[in-house]
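# Would you be able to build a 3D model of this:
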Amino acid sequence: MDINFNKNEDHNKLKLSELRNKMAQVKLGGGKKRIEKHHAKGKMTARERIDYLLDDDSNSIEIGAFAGDGMYEEHGGCPSAGVVVKIGYIQGKQCVVVANDATVKAGAWFPITGKKNLRAQEISIENKLPIIYLVDSAGVYLPMQDEIFPDKEHFGRIFRNNAVMSSMGITQISAVMGSCVAGGAYLPIMSDEALIVDKTGSIFLAGSYLVKAAIGESIDNETLGGATTHSEISGVTDYKAKNDKDALDKIRNIVGKIGAFEKSGFNRTEAENPTENPEEIYGILPKSRSDQYDMLEIIKRLVDKSEFEQYKEGYGKSLLTGYARIDGWAVGIVANQRKVVKNKKGEMQFGGVIYSDSADKATRFIANCNQKKIPLVFLQDVTGFMVGSKSEHGGIIKDGAKMVNAVSNSVVPKFTVVIGNSYGAGNYAMCGKAYDPRLIVAWPSAELAVMSGNSAAKVLLQIEKASLEKNGDVLDSQKEKALFDKIKKRYDNQISPYYAAARLWTDAIIDPLETRKWISMGIEAADHNPNSKKFNMGVLQV
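Just a heads-up that it's a prediction; the model follows:
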């Protein structure tokens, strides 16, 4: 191995260590003291509940672990958006589990909490996966109610989705394991079956203090909306559990009796490991996002037997397209080639840039995968489409539009991995979040923005200089550098994968070695929902 390999490896493993440290902090939720108080009430934490519910020694993936990261600091923060979401297995059946974290502001809903809950329901709807809600929430976080309450994608959309999902035949089970108040009280009751834990679970539209203030009635919360009330008097809940574990055991028993599902029929054979060492990814992936490398070497360390059958190998070389298997599943891969290549005319093409011929190739390949019912995997390290008079005269906008059209209208499930750069329209063409990937994850090396921090800082600096000069101010070289550094620092923070994950632009930041598991579980989830739609690009025909 050369010295650059070792430097890359050290850099990427430091990034991975940072990821693990941040994840360990996130898992503490509201902190150790609040966890201790939670346990003192005889309650398990959200993560403990999910771990108990899911099958032992089975795979699981967590959605939105870094949601809310660095946000709402003036309100004390909202680690993991105050709710834990995982896709895992219960009695061998793949399910989505959503658990309020009552150690974070008593499980109150911030704006990002609503967005994350809607993302969990979206995954359940797209894949027709059973969804389990473990409810322990004080309801809407009142100081920010205007950002969570009334709009289309706000709190109320959750209950609308409950109704739609029920009509679709998607199993929904709720366990009330703590507070469940006001509008939030509708969620468990709009589920197919609802459980409540004795003494710790409660459901009511208004608590005892509000009841006293509103109608003058004096009543304690347990009598008003506790487990005995709702299991024996109102009939609101279907099962009464002795404690958290009893409630989770009941859920496991219910899920274990769900019938088989109709499959999409995606092709799968016995899984085989890559023959090339996956850990070499850390040394292949360069430290700098502007450095060149061969994406083919990354692909070989992600796919079964390191076999990748290229489609149009000699044409449109700035994109790699081809067929492979990941954990046995047949996939079509679209990946940005990050080394300089020569096109069919002998012209040099920059790595990470999408040219007309590569956009044309990708469009045709995406159509072929739809024809063959093969899920698509996008490996992003893209700086955008090629610019300049030559590209414009050659119809780059037209060819790029065709690629975006193909991605938009694709009916096979799509999965996106942001490996490095994800800039500008390249993010769109390579199936960014706006183009409905079933799952979208980022490696710690990822950067998501309109353009790189360096490029953006230069543009913004010119605007700032022009504004200052208009007012008669003159910047010397030292002040100009200071201003550039200040702008770049601010922008670099925004292109961080953690900034994107905090806002749910991606579902997770993952160790590159977990990529195979995420894609495999994602395709398995997608296999639950047979799709009768036909691929159609409308008026933009190939």
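# C-alpha only now, for contacts and for neighbours.
Fine.
# Now the closest residue to residue 269 other than its chain neighbours. Its backbone dihedrals?
Using C-alpha to C-alpha, 6 or more residues apart in numbering and skipping the chain neighbours, the partner closest in space to residue 269 is residue 328 (4.7 Å). Backbone geometry at residue 328, expressed as degrees, to the nearest 10, gives phi 90, psi -20.
# How about residue 98?
Here is the backbone geometry of residue 98 (degrees, to the nearest 10): phi -120, psi 120.
# same question, residue 153
According to degrees, to the nearest 10, residue 153 has phi -100, psi 30.
# Then the one 5 residues further on?
Dihedral pair for residue 158: phi -60, psi -50, per degrees, to the nearest 10.
# What count of nearby residues applies to it?
Per other C-alpha atoms under 10 Å, the neighbour tally for residue 158 reads 20.
# quick one on the thing from earlier: hang on, isn't the residue nearest to residue 269 packed against residue 270?
Yes. Shown here, residue 328 and residue 270 form a contact pair, counting by C-alpha atoms under 8 Å, at 5.2 Å.
# which residues touch stretch 489-500?
66, 69-70, 442-449, 452-453, 456-457, 506, 509 (C-alpha atoms under 8 Å, 6 or more residues apart in numbering).
# next one: stretch 135-152
For stretch 135-152, contacts defined as C-alpha under 8 Å, 6+ apart pick out 99-102, 106-111, 114, 154-156, 174-184, 188, 201.
# could you flag which of those residues are buried?
99-102, 106-111, 114, 154-156, 174-181, 183-184, 188, 201 (16 or more other C-alpha atoms under 10 Å).
# Select from these every entry located in strands.
Among these, the members falling in strands (DSSP state E) are 99-100, 174-181.
# what would these look like in JSON lines with pLDDT?
JSON lines is the format used below for those (pLDDT from 0 to 100):
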{"residue": "99", "pLDDT": "97"}
{"residue": "100", "pLDDT": "95"}
{"residue": "174", "pLDDT": "96"}
{"residue": "175", "pLDDT": "96"}
{"residue": "176", "pLDDT": "95"}
{"residue": "177", "pLDDT": "96"}
{"residue": "178", "pLDDT": "92"}
{"residue": "179", "pLDDT": "87"}
{"residue": "180", "pLDDT": "87"}
{"residue": "181", "pLDDT": "82"}
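# Of the residues you listed, which pair is most distant in space?
99 and 181 (15.5 Å; C-alpha to C-alpha).
# Identify each buried residue in stretch 491-506, please.
Buried residues in stretch 491-506 (16+ other C-alpha under 10 Å): 491-492, 494-506.
# With stretch 526-542 instead?
Result for stretch 526-542 [16+ other C-alpha under 10 Å]: buried residues 526-530, 535-537.
# One more: stretch 383-394?
For stretch 383-394, burial by neighbour count (16+ other C-alpha under 10 Å) applies to 383-386.
# out of those, which are inside helices?
Counting by DSSP state H, no part of the buried residues of stretch 383-394 is found in helices.
# Would you mind giving the residues you listed as a markdown table with distance to residue 18 added?
Below are those laid out as a markdown table (distance: C-alpha to C-alpha, whole Å):
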| residue | distance to residue 18 |
| --- | --- |
| 383 | 25 |
| 384 | 28 |
| 385 | 32 |
| 386 | 34 |
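# can I get the residues you listed in JSON lines with distance to residue 484 and pLDDT?
As requested, the buried residues of stretch 383-394 are exported to JSON lines (distance: C-alpha to C-alpha, whole Å; pLDDT from 0 to 100):
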{"residue": "383", "distance to residue 484": "21", "pLDDT": "91"}
{"residue": "384", "distance to residue 484": "23", "pLDDT": "85"}
{"residue": "385", "distance to residue 484": "26", "pLDDT": "85"}
{"residue": "386", "distance to residue 484": "26", "pLDDT": "76"}
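# I'd like to know which of these are part of strands.
Short answer: the buried residues of stretch 383-394 in strands (DSSP E) are 384-385.
# Identify, from the buried residues of stretch 383-394, the entry nearest to residue 28.
For the buried residues of stretch 383-394, the closest approach to residue 28 (C-alpha to C-alpha) belongs to residue 383, at 36.5 Å.
# could you list every residue that touches that closest one?
352-353, 421-424, 426, 451.
# Name the nearest residue to it, sequence neighbours excluded.
Residue 383 sits nearest to residue 423 (C-alpha to C-alpha, 6+ apart), 5.0 Å away.
# List of residues touching the helix or strand hosting residue 97?
Element membership for residue 97, per DSSP states H and E: strand 93-100. For strand 93-100, the external contacting residues (C-alpha under 8 Å, 6+ apart) are 46-47, 49-50, 82-89, 107, 117, 120, 123-124, 129-137, 255-256, 525.
# Just the buried ones from those residues, in ChimeraX syntax?
Listed next is the ChimeraX selection for buried residues among these, using 16+ other C-alpha under 10 Å:
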select :46,47,49,50,82,83,84,85,86,87,88,89,107,117,120,123,124,129,130,131,132,133,134,135,136,137,255,525
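# Filter the contacts of strand 93-100 down to the ones in helices?
Short answer: the contacts of strand 93-100 in helices (DSSP H) are 46-47, 49-50, 117, 120, 123-124, 255, 525.
# can I get those in JSON lines with distance to residue 436?
Listed next are those as JSON lines, based on distance: C-alpha to C-alpha, whole Å:
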{"residue": "46", "distance to residue 436": "28"}
{"residue": "47", "distance to residue 436": "28"}
{"residue": "49", "distance to residue 436": "30"}
{"residue": "50", "distance to residue 436": "27"}
{"residue": "117", "distance to residue 436": "17"}
{"residue": "120", "distance to residue 436": "14"}
{"residue": "123", "distance to residue 436": "10"}
{"residue": "124", "distance to residue 436": "14"}
{"residue": "255", "distance to residue 436": "28"}
{"residue": "525", "distance to residue 436": "15"}
